[in-house]
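K.L.:
Okay, here's the prediction I keep looking at, along with the sequence it came from:
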Amino acid sequence: MEALLADAEFVIMSVIWMFVQLIQIYCKNNAKLSIIIPHLIKQPLRKFVEQFEDGSILMLKSDIPIIDQILILLYHLYPKRVLRKNIYKALPGVSYKTISSTLSKLKKRRLIHENESGVILSRLGIERAENVLNKFGYHTN
Amino acid sequence: MDNRETFKEDKDRIINEIINLLKHEFDSEALLIIYDEYTKMLSSYLIGNEYDKVILHAARISEVLMAAIYSRYIGNKVDYNKVYFWKLCDALKDLPKKCAEDEILTLVIPSVAESIYRIRSKNV
């Protein structure tokens, strides 16, 4: 898995490198170049969720509604079920009460299913999470 | 407007800027395919951790980009669904290099595209 990740990151940066070369050839406007090139280079770093070697997870994007953060987190980990305590750990700074009330809302809307093994997105939940991600401009299929 | 929309608008604006810069030089169909594959490549990485798909999308970008550069030099439009990648790279590398731009487009970029393609072949 780690070798595949290295390959993936290498090819992403190679593609971006090719784009930067093309832009440098055809864009003679330095002001534009100074906006476009940093944007391209920083783009791949905008990962939403990071998973660590011990299996713990961290939601990296904290400036969006909690409900969206939980949907993205569950989508990222699908089809694994996630325990409430692990959702709480993945969203530092968010109270357990807020997470519980958000999960209740999601349950009422039939977007998640919960049992003793944890929480998982329902089909409706997957659809909703994909809508959230599409709002960021990411294809989910 | 919430920050999701701002983020997407910002991203779309930059992508449109890039397409506008390149559309006078390269076939617009190729640019659209590359844009679509680029978005999918990043999504596979950012959302799904689907690294094998990342590599496939990057290889497709390399393929279409080589075809677009070839078309720009030779004048014949290449069918983007039937790209003979290695043949195109060899043909590009054989073209005369009259300036730095030729050097980058027909030698340096093809070499990087070949590396991406080799990684795809290793993983398929």
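P.N.:
Great, that's in hand.
K.L.:
List the residues that contact the spatially most central residue of chain A.
P.N.:
What sits nearest the mean C-alpha location of chain A, by CA atoms, centre = their mean, is residue A:48, with 2.8 Å. When contacts are counted by CB atoms under 8 Å, 6 or more residues apart in numbering or on different chains, residue A:48 touches A:59-61, A:72, A:76, B:46-47. All C-beta atoms are positioned from the backbone trio N, CA, C, and that covers glycine.
K.L.:
Give me the longest helix you can find in chain B.
P.N.:
For chain B, the helix with the greatest residue count under DSSP state H is helix B:51-74.
K.L.:
Report whether it contacts chain A.
P.N.:
Yes: contact of helix B:51-74 with chain A (CB under 8 Å from any CB of the partner chain) involves B:51-52, B:54-55, B:58-59, B:61-62, B:65.
K.L.:
which parts of that helix are buried?
P.N.:
Neighbour counts over helix B:51-74 (16 or more other CB atoms under 10 Å in any protein chain shown) mark B:51, B:53-71 as buried.
K.L.:
counting contacts, what elements does the biggest helix by length in chain A pack onto?
P.N.:
In chain A, with assignment by DSSP H, the single longest helix is helix A:2-26. In this structure, helix A:2-26 makes packing contacts with helix A:30-42, helix B:3-22, helix B:28-43, helix B:51-74, helix B:109-123, judged by 3 or more CB pairs under 8 Å, 6 or more residues apart in numbering or on different chains; DSSP states H and E.
K.L.:
Direction-wise, compare that helix with helix B:51-74 and give the angle.
P.N.:
30 degrees (axes from the mean of the first three to the mean of the last three CA atoms, to 10 degrees).
K.L.:
quick check: angle from helix A:2-26 to helix B:28-43?
P.N.:
Going by the same axes, to 10 degrees, helix A:2-26 makes 140 degrees with helix B:28-43.
K.L.:
any residues touching helix A:2-26, and which ones?
P.N.:
By CB under 8 Å, 6+ apart, the list of residues contacting helix A:2-26 from outside reads A:33, A:36-37, A:40-41, A:43-44, B:18, B:21-22, B:24-25, B:38, B:41-42, B:45, B:51-52, B:54-55, B:58-59, B:61-62, B:65, B:101, B:104-105, B:108-109, B:112-113, B:115-116, B:119-120, B:122-123.
K.L.:
Buried among these? Need that as a selection in PyMOL.
P.N.:
Selection of buried members from the contacts of helix A:2-26 for PyMOL, criterion 16+ other CB under 10 Å:
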select buried, (chain A and resi 36+37+40+44) or (chain B and resi 18+21+22+38+41+42+45+51+54+55+58+59+61+62+65+104+105+109+112+113+116+119+120+123)
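K.L.:
Count the residues that sit near the closest residue to residue A:96 other than its chain neighbours.
P.N.:
With CB to CB, 6 or more residues apart in numbering or on different chains as the criterion, residue A:96 has its nearest non-adjacent residue at 5.4 Å, and that residue is residue A:88. By other CB atoms under 10 Å in any protein chain shown, 15 other residues sit near residue A:88.
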